[in-house]
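A.B. asks: coords please:
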Amino acid sequence: QVQLVESGGRLVQAGGSLRLSCAASGSIIKINRMAWYRQAPGKQRELVAAITSGGTTNYVDSVKGRFTISSDNAKNTAYLQMNSLKPEDTAVYFCNAEVARIQLGSMVSLNYWGQGTQVTVSS
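C.D. replies: Numbers count the residues shown, from 1 in each chain. Purely as a prediction, here's the structure:
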């Protein structure tokens, strides 16, 4: 089994910064991709940022230039540095990982989600 644990969410004023962390643990051969999604009340979950094991990143347009995703492959951990936060960034942020592991004797790639961490940006 694989577990993802997020941390770092809290209440912050507009213009402030936060750093989210996501640590993966369990039966992991390799993490191919880690990503951060967010879901605001009444809205669909959206991809915020993603990073591959090779370091390729992509971002939703609304956070480009403000958020930075990074990872420490040795620690199976991803980070999301969020600067110049806006009230519209308020959401529950979820970590997602695409994990390669052995299952029933075969290598498989499975998707896992964390429990989410609340980010609230006050105006």
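
A.B. asks: what's the average pLDDT for the host helix or strand of T68?
C.D. replies: Secondary structure from DSSP states H and E places T68 in strand 67-72. Averaged over strand 67-72, pLDDT sits at 97.

A.B. asks: Enumerate the positions of that strand that are buried.
C.D. replies: For strand 67-72, the neighbour count (16 or more other Cβ atoms under 10 Å) marks F67, T68, I69, S71 as buried. Where you see a C-beta, it was placed from the backbone N, CA and C, and this is true even at glycine.

A.B. asks: ok, and the closest non-adjacent residue to the last one?
C.D. replies: Spatial nearest neighbour of S71, chain neighbours left out: A78 (4.5 Å); criterion: Cβ to Cβ, 6 or more residues apart in numbering.

A.B. asks: With the third one instead?
C.D. replies: Nearest in space to I69, with sequence neighbours left out and distances taken as Cβ to Cβ, 6+ apart, is A49 at 4.0 Å.

A.B. asks: One more: Y93?
C.D. replies: Going by Cβ to Cβ, 6+ apart, Y93 has R38 as its nearest residue, at 4.8 Å.

A.B. asks: dump the residue contacts of that neighbour.
C.D. replies: Shown in contact with R38 (Cβ atoms under 8 Å, 6 or more residues apart in numbering): R45, E46, V48, D89, A91, V92, Y93, F94, V119.

A.B. asks: number of nearby residues for the fifth one?
C.D. replies: Neighbour count of A91, defined by other Cβ atoms under 10 Å: 22.

A.B. asks: wait, it sits on Q39?
C.D. replies: Yes - with contacts counted by Cβ atoms under 8 Å, A91 reaches Q39, the gap being 5.7 Å.

A.B. asks: Common neighbours of the two, please.
C.D. replies: Counting by Cβ under 8 Å, 6+ apart, nothing touches both A91 and Q39.

A.B. asks: How far off centre is the lengthiest strand in the chain?
C.D. replies: In the chain, taking DSSP state E as the definition, the longest strand is strand 91-103. Mean-position distance between strand 91-103 and its chain equals 8 Å (Cα atoms, centre = their mean, to the nearest Å).

A.B. asks: give me phi/psi at S25?
C.D. replies: phi -150, psi 160 (degrees, to the nearest 10).
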